[in-house]
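Generate coordinates for the sequence data below:
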Amino acid sequence: MKKKIALIEDDTDLFALLKYNLEKEGFAFVGAHTGKGALDLLLHERPDLVLLDIMLPDSDGLDICKAIRSHPDLAHLPVIFLTARVSEADRIVGLEIGANDYIVKPFFVRELIARIKTQFRSRRAPPRILRSGDLELDRGACSVRVNGREVRVTATEFRLLEHLMERPGIVFSREHLLNTVWGPRRTVTERTVDVYILRLRQKIEPDPAHPQYIRSVRGFGYSFREQPPAAANNSAAPPES
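The predicted structure follows:
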């Protein structure tokens, strides 16, 4: 699967140059010319690395980097600053707030690509298969199995289940799930999340009326159980719906 690079850069010539060379190198590419909406873009596109200009027309790249590092779904992303700020103090500030690398303009595109590849070599790939009890989600095959039997799910159902399974125990609001799974340009409402959760439960739960995998947290949202179903069944706590 191609690694996806997100570029936030207002210089249109540099933007076009990097887009061409990154795609030529085999990377998938997404980008924006302004900082406004950058977090929504990253949440929707799920890139593997961010190239971030510091001096944007409507935002400060340093503030965007801080927001990335403070967001639970983005904090793991490698961030490489692209900037005309050349002082040692600027470089130190950039690295201290969480950037993985700091490249001063002008730069050689080949050097940038080499540094991107270095970031990927130093990071472990996420597991291809997520498991909990008898439930298995295969990212590579985009499939879901229960007791070894494949369950047919839609692309949206798959993304929703994947997001919940890879962060067990964390409670997600409906608004968060809409932003992450459906994206910032969605036209659906929070009720849609409830409908999709119900559909998933009907497909993966032994007893959808008493779910063992996806639990409801009243007044907050939904969470995937940290314990496998067998352990959950032994708990003295009453089942949640």
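
packing partners for the helix ranked longest in the chain?
Longest helix in the chain by number of residues, with DSSP state H as the criterion: helix 190-204. Helices and strands in packing contact with helix 190-204 are listed as strand 143-146, helix 155-165, helix 174-177, strand 214-217, strand 221-224; criterion 3 or more C-beta pairs under 8 Å, 6 or more residues apart in numbering; DSSP states H and E. (Each C-beta comes from the backbone N, C-alpha and C, glycine too.)

So which of those is nearest L17?
Distances from L17 to each of the helices and strands packed on helix 190-204 were compared using C-beta to C-beta; the shortest belongs to helix 155-165, at 32.1 Å.

can you count the residues close to D13?
D13 has 8 neighbouring residues, counting by other C-beta atoms under 10 Å.

lowest-pLDDT helix or strand in the chain?
Within the chain, no helix or strand scores below helix 229-233, which has a mean of 49 by mean pLDDT, DSSP states H and E.

re the thing from before, I'd like the helices and strands packed on helix 190-204 as a markdown table, with mean pLDDT appended.
A markdown table is the format used below for the helices and strands packed on helix 190-204 (pLDDT from 0 to 100):
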| stretch | mean pLDDT |
| --- | --- |
| strand 143-146 | 94 |
| helix 155-165 | 93 |
| helix 174-177 | 86 |
| strand 214-217 | 92 |
| strand 221-224 | 92 |
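
Tabulate the ones you listed (TSV), appending mean neighbour count and distance to I103.
As requested, the helices and strands packed on helix 190-204 are arranged in TSV below (neighbours: other C-beta atoms under 10 Å; distance: least, C-beta to C-beta, whole Å):
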stretch	mean neighbour count	distance to I103
strand 143-146	18	39
helix 155-165	19	32
helix 174-177	17	32
strand 214-217	16	42
strand 221-224	20	38
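
closest to L52 out of these?
Each of the helices and strands packed on helix 190-204 was checked against L52 via C-beta to C-beta, and the shortest separation belongs to helix 174-177, namely 22.8 Å.

packing partners for the closest one?
Of the remaining helices and strands, those touching helix 174-177 by 3+ C-beta pairs under 8 Å, 6+ apart are helix 190-204, strand 221-224.

same thing but at 7 Å, please
If contacts are counted by 3 or more C-beta pairs under 7 Å, 6 or more residues apart in numbering; DSSP states H and E, helix 174-177 sits against helix 190-204.

And the contacts of the helix it packs on?
Surrounding helix 190-204, the residues in contact under the criterion C-beta atoms under 7 Å, 6 or more residues apart in numbering are 135, 144, 146, 151, 153, 156-157, 160-161, 174-175, 177-178, 208, 211, 213-214, 222.

Same question for stretch 63-75.
Residues from elsewhere that reach stretch 63-75, judged by C-beta under 7 Å, 6+ apart: 8, 35, 38-39, 42-43, 50, 52, 77, 79, 97-99, 180.

Can you say which of those residues are buried?
Applying 16 or more other C-beta atoms under 10 Å to the contacts of stretch 63-75, the neighbour count classes 8, 35, 38-39, 42-43, 50, 52, 77, 79, 97, 99, 180 as buried.

Okay then, goodbye and thanks.
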